[in-house]
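> quick check, what structure comes out for this input:
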Amino acid sequence: MESYLFDRIRERCREVAGQARFVRIVSDAIEGYAQAIAPLTVEAACYDESLHFRGSPEDTVAYIVTLDAVNFGSGYFPHIAKRPGCSGYGTIAQSLTDRFRAKGPLAADELARMTSTDCARWFGQDASDPAVAELMALFARAWNDLGRDLLERFGGSFTALVESADGAASRLVASIERQPLFRDVWMYRSAEVPFYKRAQILASDLSLALDDTGWGRFGDLDSLTIFADNLVPHVLRLDGILSYDADLALRIERGELLLAGSAAEVEIRACALHAVELIVASLRARSFARCGAAVTARDLDIVLWNRSRSAEYKAAPRHRTRTTSY
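Numbers count the residues shown, from 1 in each chain. I've put the predicted structure just below:
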């Protein structure tokens, strides 16, 4: 699986885009959009130390792996108590950062014993809200899975998990997906569609946090797809690259939750991923380079994610799904 993993993701998403009923890629807009967005691809990804922990390489690896194990919940975030000035993700990341700065990493056996009550206390949440309680239970399950996996396969070592990938993001994805909540694969018309959003972003985050050195160096980072969630499709829709069925658009406007793995939800993620591949292909055909190298889907993911933070994108509702994928 490892060698062809990212190609397989691209292939299946292309197939979904070709069959989609609820979402359409506006193909005629790709070239103009690529030309307009090209200058933004020089934006460098940076590791935000005001939000994230950075310590010794060993502790930084532990932080990134622990954080990305619970890097989901956007469909629940309207219900959680947020820290001042923080998004839902920012609240989770900052809470974990505070713990690491005060007491250092959580050990694998601590993660294996974590309860939903522990998570609610850790993240400052009121679990009397059923949605919050559900999310805290999922966080506990994710950490339990991580802790047990580290103990059973890697002697409790975070760095041993990363070392097992031998410098390949594809192998890290293949390894981490043994933890059930990292297995981001969905059925669409009787065939599997893999996304592996969080598993891919784990490799990317390790690279950012460790400046592409040591345990953060992966030789195939340029092969990553976008990290398919609900933000990149939202930006592409508002920018005229994706078009939604009228009923789907109305459901999103009303704030209706989309079922994880439903046809519409899979199509949104798959069409966004394939649309970015078309934009990348357009940029490469025009020989546009970022810092002397070909533009990648990962570069565009960063551009589009940064774009999503602007007021005009925040003002419009994006789709919400209660899922462990994003």
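
> for Ser87, give its distance to Tyr47.
According to C-beta to C-beta, to the nearest Å, Ser87 and Tyr47 sit 17 Å apart. C-betas here are computed from N, CA, C, even on glycine.

> give me the residues contacting the helix or strand harbouring Leu206.
Per DSSP states H and E: Leu206 is located in helix 197-209. Residues from elsewhere that reach helix 197-209, judged by C-beta atoms under 8 Å, 6 or more residues apart in numbering: 45-47, 52, 54, 60-61, 63-65, 67-68, 71-72, 162, 165, 169, 172-173, 176-177, 182, 184, 215-218, 221, 224-225, 227-229, 298, 324-326.

> and the buried ones among those residues, selectable in ChimeraX?
What follows is the ChimeraX syntax selecting those of the contacts of helix 197-209 that are buried according to 16 or more other C-beta atoms under 10 Å:
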select :47,52,54,60,61,63,64,65,67,68,71,72,162,165,169,172,173,176,177,182,184,215,216,218,221,224,225,227,228,229,298,324,325,326
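
> now, the contacts of helix 197-209 that are in helices?
Using DSSP state H, the members of the contacts of helix 197-209 that fall within helices are 60-61, 63-65, 67-68, 162, 169, 172-173, 176, 298.

> in a helix, Pro317, correct?
No: per DSSP: H, G, I helix; E, B strand; the rest coil, Pro317 lies outside any helix segment and is coil.

> follow-up on the earlier one: helix or strand right after the helix holding Leu206?
Reading on from helix 197-209 to the C-terminus, the next helix or strand found by DSSP H and E is helix 232-238.

> ok so, going back, and the helix holding Leu206, C-alpha only, in CSV?
What follows is helix 197-209, C-alpha atoms only, in CSV (Å, rounded to 0.1, in the frame of the first residue of the first chain):
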residue,chain,number,x,y,z
LYS,A,197,-6.4,13.7,6.3
ARG,A,198,-5.0,13.6,9.9
ALA,A,199,-2.4,10.9,9.1
GLN,A,200,-1.0,13.0,6.3
ILE,A,201,-1.1,16.2,8.4
LEU,A,202,0.9,14.4,11.1
ALA,A,203,3.8,14.1,8.7
SER,A,204,3.4,17.7,7.6
ASP,A,205,3.2,18.9,11.2
LEU,A,206,6.3,17.0,12.2
SER,A,207,8.2,18.5,9.3
LEU,A,208,7.1,22.1,10.3
ALA,A,209,7.8,21.6,14.0
